[in-house]
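Novice: predicted model follows, preceded by the sequence.
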Amino acid sequence: MSGKSRRSDGTGQSPDPDLPPGLYVTATPIGNASDITLRALTVLKGCDLIAAEDTRVTAKLLAIHGISRPLSAYNDHNAVRERPKLLARLQQGGRLALVSDAGTPLISDPGFKLVREAIAAGLAVHAVPGASAVLTGLALAGLPTDRFFFAGFLPARSGERRTALAELKGLRATLVFFESAQRLADSLADLADVFGVRSAAVGRELTKLHEEVRRGLLGELAAHYAKAGAPKGEVTLIVSPPHAAEADFSRIDAALDKALAFMPVRAAVDLVAEALEAPRRAVYERALARKSDDG
C-alpha cells in the first residue's frame with residue numbers, strides 16, 4: 001500500500017497520488033454509458049481536475065459511475081481564456097483529464113491546441129483511448145477501412161459545401177463526415193451531384209437504444225431523407241472511395257450484355273460487379289435497365 005496520503009478537495013472524494021502528473025486525453029462514451037474503459041474510470045476518479053466541453057454533460061456521466069471530481073469548462077467559447085490556467089496547473093504537477101461531450105477529445109473540438117501547448121512546454125500528455133463516432137461509423141458502414149479521411153462537418157451553405165466536396169472528390173479513401181440531422185438530406189443531394197454514384201452509410205444514435213444504420217447509394221439516401229424528413233439524433237455519414245469503374249459504365253454495359261445472354265440477372269450482376277470492382281447496386285440498376293430495353 002502506498003504511503004502517500006489522499007486528501008479530499010471538497011468533493012467527498014480524493015485525487016489519487018499514484019496517478020502520474022500530466023494531461024490525460026480521455027475518451028468517453030458516444031451514447032451508451034457502459035462504453036467507458038476501466039482506465040478512463042481510474043483517471044476520472046484519480047485526477048485533480050476534469051476539463052470538460054460541457055460540465056453538465058460530463059456531470060451526468062460522472063454521476064452514473066459514482067465519481068465526484070472538480071469540473072472546469074473548456075470549449076470553443078472560452079479556450080483562449082482557460083488554456084493558460086490549465087497549462088499553469090499542469091506545470092505545477094497537476095493531473096488533468098480532458099474530455100469532450102462524447103467520444104475522443106480533439107475530434108472536432110479545441111483540445112488539440114491544449115495538447116500542442118502542453119507538449120511544447122515539455123509536459124506529459126497521456127492518451128486514454130476509447131469510444132469514437134468516427135471508428136464506430138466505419139465499423140458499421142460495410143465500406144473499405146484500409147484508408148479513410150475524417151472531414152468533420154460540411155459547410156452549412158450549399159455553395160460552400162459543394163466547393164468543399166469538389167476538393168475531396170478525387171481522394172481515394174473512405175470519407176467520414178459529421179452532419180446535423182436537419183441538413184442531412186441537402187448534404188446527401190450535394191454529395192450525389194458532386195461525387196456521382198457512390199455507396200454510403202448514414203449512422204444515427206450510434207451505440208444508443210435506437211441505433212440505426214441506413215446503407216445505399218448517395219442518390220437513394222438523399223431521396224429517402226428528403227421524403228422521410230430529418231432523422232433524430234447525432235449523424236455520422238460514411239461515403240465510399242471513388243468506385244473503380246465509376247466513370248466507365250461502357251465496360252459495365254458491355255460485360256452485362258455478354259453475361260445476360262446466358263445467365264439470370266442476379267448471377268450476371270454478381271459476376272460483373274466482382275470482375276470490374278464496381279458497386280453491385282449500380283450494376284444491378286443498369287442490368288435491370290438493359291433487360292427492360294430488351295423487352
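Specialist: Yes, it's here.
Novice: shaky segments in the stretch 101-250 of the chain?
Specialist: The stretch 101-250 of the chain contains residues with pLDDT under 70 at 108-109, 244-248.
Novice: quick one: the helices in it, in order.
Specialist: 111-120, 133-141, 158-168, 184-195, 218-228, 249-260 (DSSP state H, counting those that start in this stretch).
Novice: where do the domain boundaries of this protein fall?
Specialist: 22-131, 134-239, 249-294 (automatic domain parsing).
Novice: format those domains as TSV; extra columns: mean neighbour count and distance to residue 13.
Specialist: For every residue, glycine as well, the C-beta is placed using N, CA and C. Output for the domains of the chain, formatted as TSV (neighbours: other C-beta atoms under 10 Å; distance: least, C-beta to C-beta, whole Å):
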stretch	mean neighbour count	distance to residue 13
domain 22-131	18	5
domain 134-239	18	28
domain 249-294	16	54
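Novice: turn the ones you listed into CSV, including distance to residue 16.
Specialist: Shown next, in CSV, are those (distance: least, C-beta to C-beta, whole Å):
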stretch, distance to residue 16
domain 22-131, 3
domain 134-239, 28
domain 249-294, 52
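Novice: on that earlier part again, residue 20: which of the helices of the stretch 101-250 of the chain is closest?
Specialist: Residue 20 lies closest to helix 111-120 among the helices of the stretch 101-250 of the chain, at 13.9 Å (C-beta to C-beta).
Novice: just checking, residue 72 is part of a strand?
Specialist: Yes: when DSSP: H, G, I helix; E, B strand; the rest coil is applied, residue 72 is found to be in a strand.
Novice: and it, what are its bridge partners?
Specialist: residue 51 (DSSP bridges).
Novice: which ones are touching residue 232?
Specialist: Shown in contact with residue 232 (C-beta atoms under 8 Å, 6 or more residues apart in numbering): 181, 204, 205, 210.
Novice: what's the answer for residue 93, then?
Specialist: residue 21.
Novice: tell me the secondary structure at it.
Specialist: Applying three-state DSSP: residue 93 is coil.
Novice: now do it, the pLDDT please.
Specialist: We have a pLDDT of 96 for residue 93.
Novice: try the one 4 residues further on
Specialist: The score at residue 97 is 98. That number is its pLDDT.
Novice: which residues in this structure form strands?
Specialist: With DSSP state E, the ranges of strands along the chain come out as 22-26, 49-52, 71-73, 95-99, 125-128, 148-153, 174-179, 199-204, 212-217, 235-239.
Novice: so which of those strands gets nearest residue 282?
Specialist: Comparing these by C-beta to C-beta, strand 212-217 comes nearest, at 6.7 Å.
Novice: what lies in contact with the closest one?
Specialist: 140-142, 192, 197-205, 221, 224, 231, 279, 281-282.
Novice: equivalent analysis for stretch 277-288, please.
Specialist: 197-199, 216-217, 220, 240, 243-246, 249, 252-253, 256, 260, 265-266, 268-270, 272-273, 276.
Novice: repeat that for stretch 150-165.
Specialist: 107-108, 134, 168, 175-180, 183, 186-187, 190-191, 193-195.
Novice: can you redo the helices of the stretch 101-250 of the chain as JSON lines with distance to residue 89?
Specialist: As requested, the helices of the stretch 101-250 of the chain are exported to JSON lines (distance: least, C-beta to C-beta, whole Å):
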{"stretch": "helix 111-120", "distance to residue 89": "11"}
{"stretch": "helix 133-141", "distance to residue 89": "29"}
{"stretch": "helix 158-168", "distance to residue 89": "38"}
{"stretch": "helix 184-195", "distance to residue 89": "40"}
{"stretch": "helix 218-228", "distance to residue 89": "45"}
{"stretch": "helix 249-260", "distance to residue 89": "60"}
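Novice: tell me which of the ones you listed lies nearest to residue 50.
Specialist: When the helices of the stretch 101-250 of the chain are compared (using C-beta to C-beta), the closest one is helix 111-120, at 12.8 Å.
Novice: with only the CA atoms kept, save that closest one in PDB.
Specialist: Output in PDB follows, covering the C-alpha atoms of helix 111-120 (Å, rounded to 0.1, in the frame of the first residue of the first chain):
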ATOM      1  CA  GLY A 111      -8.400  20.100 -27.400                       C
ATOM      2  CA  PHE A 112      -5.600  19.800 -29.900                       C
ATOM      3  CA  LYS A 113      -4.400  23.300 -29.000                       C
ATOM      4  CA  LEU A 114      -4.100  22.400 -25.300                       C
ATOM      5  CA  VAL A 115      -2.200  19.200 -26.200                       C
ATOM      6  CA  ARG A 116       0.100  21.100 -28.600                       C
ATOM      7  CA  GLU A 117       1.000  23.700 -26.000                       C
ATOM      8  CA  ALA A 118       1.400  21.100 -23.300                       C
ATOM      9  CA  ILE A 119       3.900  19.200 -25.500                       C
ATOM     10  CA  ALA A 120       5.700  22.500 -26.400                       C
END
